[in-house]
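Enquirer: quick one, structure for this:
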Amino acid sequence: MKKLLITGASGFIGGVLVEEALKKGYEVYAGIRETSDLTYLLDKRIRFLKMNLDNRAALKQQWQEINGFDFVIHSAGITKTCKKSMFDRVNFQLTKNLVDAFTETKLTPEKFILISSLASYGPGDQQTMKPVKEDDTPHPVSAYGKSKLKAEQYLKSLKDFPYLIFRPTGVYGPRERDYYAVYKSIKNGLETYIGTKEQYITFIYVRDLARLLIDSLGSPILRKSYFVTDLKKYTAVEFNNTVKKVLKKKTVTIVFPKHLVRFIAALNEMISCLFLGRVPLLNTEKYKEISQKNWLCDSSEVVRDFGFQPEYDLEKGIGESIEWYKQNKLL
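Expert: Numbers count the residues shown, from 1 in each chain. From the prediction side, this is the model:
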């Protein structure tokens with residue numbers, strides 16, 4: 001049985017990766033922190049590994065005690081923080097620590113998968129609306145995207161390191177928080193846009209993403225990177241209409257001016273970070289991303305290299321997500 005380490009296993013994507021990996025017969029090590037919420041990691045086959053990615057010496061000792069892993073999927077990271085410097089520290093430096101601990105112990109896995117993000121490349125051209133492609137020059141607009149790009153660049157700089165990089169677009173599904181906020185707003189009869197309704201976006205349902213990543217472990221492909229979508233493109237209006245259809249709701253539509261949303265994001269962030277010590281969903285870094293018009297990208301290479309075909313389109317995925325929120329009395 002092949003040993004697979006999944007970092008960030010208690011997170012939204014990590015938890016689904018654990019489920020999919022167990023289903024496919026891997027010996028799964030769930031990389032967690034001391035404070036991780038294990039509510040959704042109840043399968044008795046899971047082997048928990050408490051990791052401090054800050055401590056490279058401790059990581060090296062763990063690798064030696066376990067005699068390494070066959071595969072690693074690095075899902076741990078942050079998408080929001082009150083301290084902007086933390087993006088670089090967590091998403092880049094701790095990724096570097098993890099990788100270096102493997103190479104320095106000569107226990108490099110057969111394959112190391114980094115879950116990056118379309119944010120590492122930034123949005124596409126807002127005039128031509130062409131999708132972002134692999135050979136485009138990255139132009140991340142957020143600190144999050146820049147930190148993910150640095151992690152990618154580090155992996156690519158290592159000679160012969162057996163990496164794969166996947167850049168999912170908008171990942172949604174049960175337990176996710178950002179799109180959940182949209183579902184709640186529409187349930188309450190309010191449909192909102194920033195600056196314009198003409199925004200092009202892409203999505204990938206979390207179970208499709210997990211299936212692709214676990215399936216890619218068995219392929220011979222190494223040292224490549226991919227954008228991951230459900231192979232379709234949508235508009236913000238189509239997304240909201242799909243949510244309204246599933247919820248059977250009518251809404252009032254408001255298009256907020258960009259400058260107003262930017263001001264609200266900054267004010268939200270200042271108050272929440274100062275008094276509550278946490279970042280609100282609408283914050284300055286998030287604004288930089290959601291205010292862009294073109295989040296299209298070319299994910300045709302995952303079809304060619306892995307035969308990937310998503311099982312979920314937007315309506316099926318949103319339907320399953322909303323049903324989960326309802327069952328858990330969140331909608």
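
Enquirer: Lys44: how many residues sit nearby?
Expert: Other residues within reach of Lys44 by the criterion other C-beta atoms under 10 Å amount to 4. Every residue, glycine included, has its C-beta placed from N, CA and C.

Enquirer: element containing it?
Expert: For Lys44, there is no helix or strand it lies in under DSSP states H and E.

Enquirer: quick check, Leu213 in contact with Phe166.
Expert: Yes: look at Leu213 against Phe166 with C-beta atoms under 8 Å: they come within range, at 6.3 Å.

Enquirer: between the two, what contacts are shared?
Expert: The overlap between the contact sets of Leu213 and Phe166 (C-beta atoms under 8 Å, 6 or more residues apart in numbering) consists of 113, 115.

Enquirer: and the strands in the stretch 51-200 of the chain?
Expert: For the stretch 51-200 of the chain, applying DSSP state E, counting those that start in this stretch gives strands covering 71-74, 111-115, 163-168, 170-172, 190-194, 200-201.

Enquirer: looking at those, which is nearest to Leu231?
Expert: Checking those against Leu231 by C-beta to C-beta gives strand 163-168 as the closest, at 12.7 Å.

Enquirer: give me the contacts around that closest one.
Expert: Residues outside strand 163-168 that contact it (C-beta under 8 Å, 6+ apart): 111-118, 120-121, 152, 155-156, 204, 209, 212-213, 216, 221-229, 297, 302.

Enquirer: ok, Ala9 - contacts?
Expert: Ala9 neighbours (C-beta under 8 Å, 6+ apart): 15, 17-18, 30-32, 36, 41, 46, 75.

Enquirer: mind giving me the PyMOL select for these, buried ones only?
Expert: Of these, the buried ones can be selected in PyMOL as follows, counting by 16 or more other C-beta atoms under 10 Å:
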select buried, resi 15+17+18+30+31+32+36+41+46+75
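
Enquirer: now the contacts of Ala9 in JSON lines, with pLDDT?
Expert: What follows is the contacts of Ala9, written out as JSON lines (pLDDT from 0 to 100):
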{"residue": "Gly15", "pLDDT": "97"}
{"residue": "Leu17", "pLDDT": "98"}
{"residue": "Val18", "pLDDT": "98"}
{"residue": "Ala30", "pLDDT": "98"}
{"residue": "Gly31", "pLDDT": "97"}
{"residue": "Ile32", "pLDDT": "96"}
{"residue": "Ser36", "pLDDT": "93"}
{"residue": "Leu41", "pLDDT": "96"}
{"residue": "Ile46", "pLDDT": "98"}
{"residue": "Ser75", "pLDDT": "98"}
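
Enquirer: relative to Asn240, which of the contacts of Ala9 is nearest.
Expert: Taking C-beta to C-beta as the measure, Asn240 lies nearest Gly15 of the contacts of Ala9, at 27.1 Å.

Enquirer: is the closest one in contact with Tyr40, as I believe?
Expert: Yes: under the criterion of C-beta under 8 Å, Gly15 is in contact with Tyr40, at a separation of 4.7 Å.

Enquirer: who touches both of the two?
Expert: Common contact partners of Gly15 and Tyr40 (C-beta under 8 Å, 6+ apart): Arg175.

Enquirer: which residues touch the residue lying closest to Arg177 once chain neighbours are set aside?
Expert: Excluding its sequence neighbours, the residue lying closest to Arg177 (C-beta to C-beta, 6 or more residues apart in numbering) is Leu281, at 6.7 Å. With contacts taken as C-beta under 8 Å, 6+ apart, Leu281 has the following neighbours: 177-178, 181.
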